[in-house]
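1. return a 3D structure for these sequence lines:
(one chain, ligands or ions: 1)
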Amino acid sequence: MAQPTAHEHQVTSEVGRLRTVLLHRPGAELKRLTPRNSDKLLFDAIPWVGRAQEEHDAFAQALRDRDVEVLYVTELLQDALEYEVARNEAISDVLSDHRLGDQLRHVVEGYLRDLDPEDLSHTLIDGLAHEELKTGHGLVYRLMDRLDFVIDPLPGLLFTRDNSAWIGDRVAVTSLAMPARRRESALTGLIYAHHPRFAGVEPIYNPALEHVEGGDILLLSPGVVAVGTGERTTPAGVERLARQVFTAGLAQTVLAVPIEQQRATMHLDTVCTMVDVDTVVMYPPIAHSLTAFTVTAANGDLRVSEPRPFLEAAAEAMGLDRLKVIDTGLDPVTAEREQWDDGNNTLAVAPRLAVAYERNIETNAQLETAGIEVIRISGSELGSGRGGPRCMSCPILRDPPPAV
Ligand SMILES: NC(=O)NCCC[C@H](N)C(=O)O
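-> Numbers count the residues shown, from 1 in each chain. Here you go, the predicted model:
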């Protein structure tokens, strides 16, 4: 395996040229979704899995066509699981589930220990159904429904943005808020801890800390981080992350940005993403109502400003006269439809070059009118989990952004 070189992992902005990205190609874990469990597993529809894979392959290819190196969670996880210590950690994490009880825990442990790294990585992601375990023993197992999972599948892993986020040359292994997604960061944490590609990387955050999800973290400019707080990232999570990044010298300003606690706006990146060093695309109804508390370090503690309009606070922290907004200018119904379908969730591959779902016709037209080149991908199936190109990608290496 290739040895890491200096700056193989470094992300200081949303828009510097993207060099390396971590994706998860959806697989058998999506085949576990049924109308019975999709709410709990945070999908709004039952995806056609083969088509979702085709859409995802096209997304990955669009990135490779722009010379972006695409890494896959499954491949990195398999490599990491070659190491005994990583296998033990992965298995212990699964066994810590209190639903199992001692007897079933013992059976599950035996089952997992017999798997080779490839099968183990699939089981960790795809989950394990009651009927697949084929044991008749034990109270818990016998009381479970035949369709229950002994190990829950992780369909949310598709959204690699949320379970880890790079800030500078450090990674935040996040603390996911929704029970259905918590185990994801155990897997990404394992990759960063044990895969030789990440040797020497020291995470600045871990899943035991207050809830923080990557979709809420926006690297506005080097040293300026906006963190949404709403349905997922808690105020305590923002505070903890601010302390961590200040202590590590990764930022001088954190903007805490309250967002509405509802599914449509589950993360900051569902309503606002960056497409240039001084330009965001934003959901019109919130563009001028979003506020931010500016958080800075002060004598070993945190100084917190009064709330101000987000656009003003962000521009000031970034040293800009103003932050330009691509105000999609849509009628309210179209805007609401396109926001729901992740029209605001763009992934910048470079300044003024962004990946977006093709279905958001009007938002994409507005982006182009503003001079942004749009790489359209289809997402009819991928979008059933409520996430767009930014949610589906975790940048690991970007060039520094150009000066404004
Ligand atoms: N950053 C994002 O907005 N990620 C999308 C996550 C979708 C996933 N189904 C969830 O509800 O957590």
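2. leaving out chain neighbours, which residue sits closest to R32?
-> Take R32 and drop its neighbours on the chain: the residue closest to it by C-beta to C-beta, 6 or more residues apart in numbering is P153, 4.1 Å away. Placement of C-beta: from N, CA and C, glycine included.
3. next, count neighbours for the one you found.
-> Using other C-beta atoms under 10 Å, P153 is surrounded by 25 other residues.
4. numbering from 367 from now on, please.
-> Okay, using 367 as the starting number, the last item reads as P519.
5. check which helix or strand it maps to.
-> Under DSSP states H and E, no helix or strand contains P519.
6. what does the stretch 467-616 of the chain put close to the ligand?
-> Residues of the stretch 467-616 of the chain lying close to the ligand by C-beta under 6 Å from any ligand atom are G522, F525, R527, D528, M544, R547, G581.
7. go again with 5 Å.
-> G522, F525, R527, G581 (C-beta under 5 Å from any ligand atom).
8. pLDDT wise, what is the closest residue to the ligand within the stretch 467-616 of the chain at?
-> Residue nearest to the ligand within the stretch 467-616 of the chain: G581 (2.3 Å; C-beta to the nearest ligand atom). Model confidence at G581, given as pLDDT, is 98.
9. contact partners for the closest residue to it other than its chain neighbours?
-> Using C-beta to C-beta, 6+ apart and skipping residues adjacent in sequence, the residue nearest G581 is H633, 3.0 Å away. Going by C-beta atoms under 8 Å, 6 or more residues apart in numbering, H633 touches D528, E579, G581, D582, G594, G596, E597, R598, T599, I625, C757.
10. in the stretch 467-616 of the chain, where is pLDDT below threshold?
-> Residues of the stretch 467-616 of the chain meeting the criterion pLDDT under 70: 502.
11. give me the phi and psi for V578.
-> phi -140, psi 130 (degrees, to the nearest 10).
12. chain neighbours aside, what residue packs nearest to it?
-> Closest to V578 by C-beta to C-beta, 6+ apart is G603, at 3.9 Å.
13. in whichever strand or helix holds that neighbour, which residues are buried?
-> Element membership for G603 (DSSP H and E) is helix 601-613. The neighbour-count check on helix 601-613 (16 or more other C-beta atoms under 10 Å) flags G603, V604, E605, R606, L607, A608, R609, Q610, V611, F612 as buried.
14. alpha carbons only: can I get the following helix or strand past it in CSV?
-> Per DSSP H and E, the first helix or strand lying C-terminal to helix 601-613 is strand 619-624. Extracted in CSV, the C-alpha atoms of strand 619-624 (Å, rounded to 0.1, in the frame of the first residue of the first chain):
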residue,chain,number,x,y,z
THR,A,619,-13.3,31.7,14.0
VAL,A,620,-16.2,29.3,14.3
LEU,A,621,-19.7,30.5,13.3
ALA,A,622,-22.5,28.8,15.2
VAL,A,623,-25.4,28.8,12.8
PRO,A,624,-28.9,27.8,14.2
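15. and the contacts of strand 619-624?
-> Residues contacting strand 619-624 (C-beta under 8 Å, 6+ apart): 586, 589-596, 601, 604-605, 607-608, 611-612, 634, 656-662, 670, 673, 676, 679-680, 683.
16. who's in contact with the residue nearest to V578?
-> G603 sits next to S541, L575, E576, H577, V578, V593, T595 when contact means C-beta under 8 Å, 6+ apart.
17. dihedrals phi and psi, L616?
-> According to degrees, to the nearest 10, L616 has phi -90, psi -20.
18. er, I517 I mean
-> Per degrees, to the nearest 10, the backbone of I517 is at phi -120, psi 120.
19. counting neighbours, what do you get for it?
-> Using other C-beta under 10 Å, I517 is surrounded by 23 other residues.
20. and it, what does it touch?
-> Contacts for I517 (C-beta under 8 Å, 6+ apart) come out as V460, D463, V474, T489, L490, G493, L494.
21. among those residues, which ones are buried?
-> Among the contacts of I517, those classed as buried by 16+ other C-beta under 10 Å are V460, V474, T489, L490, G493, L494.
22. I'd guessed the fifth one sits against P521; true?
-> No. G493 is beyond contact range of P521, at 9.2 Å (criterion: C-beta atoms under 8 Å).
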